[in-house]
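> Here is my input, please return the structure:
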Amino acid sequence: MGTSEPEYYETFGDFHGVLMDRQFTKDWDDVEAFSARPDDLLIVTYPKSGVRQLKEMESPRIVKTHLPSKLLPASFWEKNCKMIYLCRNAKDVAVSYYYFFLMIPSYPKPGSFSEFVEKFMQGQVPYGSWYDHVKSWWEKSKNPRVLFIFYEDMIEDIRKEVIKLIEFLERKPSEELVNKIIQHTSFQEMKNNPSTNYTTLPEEIMSHKVSSFMRKGITGDWKNHFTVALNEKFDMHYEQQMKDSTLKFRTEI
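Sure, this is the predicted structure:
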């Protein structure tokens, strides 16, 4: 890595078996005690796929998190909340996460891309192992209250996925509603929207001089970053980690 190991683990630490940002886990009591409401909608992603403010929001609330299923506050399960898990193939996630690391001044420098991928493969990045994250939520999706969506499917046929989402929320997928959602959730629309592109954050928190938060929104950008050797190593590790899972991803469309 481009920074020393001690410095890296000053910022991140093991938390119940998951590497987490120490700044986040210091307020864990608030997270764990979070009281979900039955009509809350939880949207979950692994990174690159405010408890107090949420308490004051009116229902129905949309709650976003990167937490692995084992760290999710129990009240979400107790209240039988609906949950949407959006996942993306590991190679594109690694690329996007690398650029995100570069954008956060408080994070240790990630070093070269290949060095970062080594950390990614070993789960030594915030929110832990991508493999554990997606597999645990894949198991949870056996519950009809959990909808599992693939980023690649959204890129390929956004209309189909939007209709699936609307039906999951027990709404009527009218043509007008579907078209409106597709328009407002297009990559270009979100890239230009300050409420989704994070450009309102000060430079000392997120530097857009390094990269834009929403970079390309495509599938297969990993081919521009992985060397042949790194790709072969990654594929071997991936097969070993995912061999017992029925979860299948597409790395290109």
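> and Glu139, what element?
Secondary structure assigned from DSSP states H and E places Glu139 in helix 130-140.
> Isn't Ile163 up against Val178?
Yes: the pair Ile163 and Val178 passes the contact test of C-beta atoms under 8 Å, sitting 6.2 Å apart. Just so you know, the C-beta spots here come from the backbone N, C-alpha and C atoms, and that holds for glycine as well.
> OK, contacts around the nearest residue to Leu177 once chain neighbours are set aside?
By the measure of C-beta to C-beta, 6 or more residues apart in numbering, the closest residue to Leu177 outside its immediate chain neighbours is Ile166, 6.8 Å from it. Contact analysis of Ile166 by C-beta atoms under 8 Å, 6 or more residues apart in numbering lists Lys172, Pro173, Leu177, Val178, Ile181.
> what secondary structure does Ile166 sit in?
helix (DSSP: H, G, I helix; E, B strand; the rest coil).
> what separates it from Cys81, distance-wise?
When distances are taken as C-beta to C-beta, to the nearest Å, Ile166 and Cys81 turn out to be 18 Å apart.
> likewise Asp153?
The gap separating Asp153 from Cys81 is 23 Å, by C-beta to C-beta.
> same deal with Asp92?
28 Å.
> and the two? which has more neighbours close in?
Neighbours per residue (other C-beta atoms under 10 Å) separate Asp92 from Cys81, with Asp92 holding more: 24 against 21.
> circling back: buried only: go through the contacts of Ile166 for me.
Those of the contacts of Ile166 that meet the buried threshold are Pro173, Val178, Ile181, by 16 or more other C-beta atoms under 10 Å.
> and of these, the nearest to Ser106?
Within the buried ones among the contacts of Ile166, proximity to Ser106 (C-beta to C-beta) peaks at Ile181, which comes in at 34.4 Å.
> so how many other residues sit close to the residue nearest to that closest one when sequence neighbours are not counted?
Among residues not flanking Ile181 along the chain, Val162 sits closest, at 5.1 Å (C-beta to C-beta, 6+ apart). Residue crowding around Val162 was assessed by other C-beta under 10 Å; the count is 19.
> Contacts only, for Val162.
Taking C-beta under 8 Å, 6+ apart, one finds Pro173, Val178, Ile181, Ile182, Thr185 in contact with Val162.
> Please name the residues that touch Tyr151.
Shown in contact with Tyr151 (C-beta under 8 Å, 6+ apart): Ser49, Leu86, Cys87, Arg88, Asn89, Asp92, Thr219.
> how near is it to Pro38?
Summarising the geometry, the distance separating Tyr151 from Pro38, computed by C-beta to C-beta, is 28 Å.
> likewise Thr185?
Distance of Thr185 to Pro38, computed by C-beta to C-beta: 26 Å.
> those strands in this structure, which residues are they?
Taking DSSP state E, the strands of the chain run over residues 12-15, 18-21, 41-45, 62-65, 82-87, 146-150.
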